[in-house]
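1. Sequence first, predicted model second:
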Amino acid sequence: MSEWFVYVLVSEAIERTYVGISTDVARRLEQHNGEIPGGAGSTRAGRPWRVGAVCGPIAARGRALQIEHQVKTATGMARVL
């Protein structure tokens, strides 16, 4: 069974954040920054991104999704504080 992480990315180009879940945050950051295939289309405009916060490890994907939803209810930089 994989361990999950909820992560918050912060754009270094525009004032924006992105929240997601992954079993490999470093790989997802590379994807979001366009270094390897597979990043979310919504992060293309804010490149480059950096990791602002990570929560985990979380044993169950469902629980990680719940936490992701809670983090998404905050806005902007409040997501990383």
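-> Cool, got the structure.

2. Need the phi and psi values for T23.
-> When quoted as degrees, to the nearest 10, the phi and psi of T23 stand at phi -90, psi -10.

3. Select the longest strand from the chain.
-> strand 49-58 (DSSP state E).

4. helices and strands around the helix or strand that comes right after that strand, which ones?
-> Using DSSP states H and E, the next helix or strand after strand 49-58 towards the C-terminus is helix 61-73. Using 3 or more C-beta pairs under 8 Å, 6 or more residues apart in numbering; DSSP states H and E as the contact test, the elements touching helix 61-73 are strand 4-11, strand 17-22, strand 49-58. (C-beta placed from N, C-alpha, C; glycine too.)

5. Now do the same for helix 61-73: mean pLDDT, whole number.
-> On average, the pLDDT along helix 61-73 is 96.

6. buried residues in that helix?
-> Going by neighbour count (16 or more other C-beta atoms under 10 Å), the buried part of helix 61-73 is 64, 67-68, 71.

7. Make JSON lines from those residues and add distance to N33 to it.
-> Formatted as JSON lines, the buried residues of helix 61-73 follow (distance: C-beta to C-beta, whole Å):
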{"residue": "A64", "distance to N33": "22"}
{"residue": "I67", "distance to N33": "23"}
{"residue": "E68", "distance to N33": "20"}
{"residue": "V71", "distance to N33": "20"}
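
8. Looking at these, which one is closest to C55?
-> In terms of C-beta to C-beta, no member of the buried residues of helix 61-73 lies closer to C55 than I67, at 6.0 Å.

9. Who are the contact partners of that closest one?
-> Shown in contact with I67 (C-beta atoms under 8 Å, 6 or more residues apart in numbering): 6, 55, 58.

10. ok, and the most crowded of the residues you listed?
-> V6 (24 neighbours; other C-beta atoms under 10 Å).

11. From G34, how far off is that residue?
-> As judged by C-beta to C-beta, to the nearest Å, V6 and G34 stand 22 Å apart.
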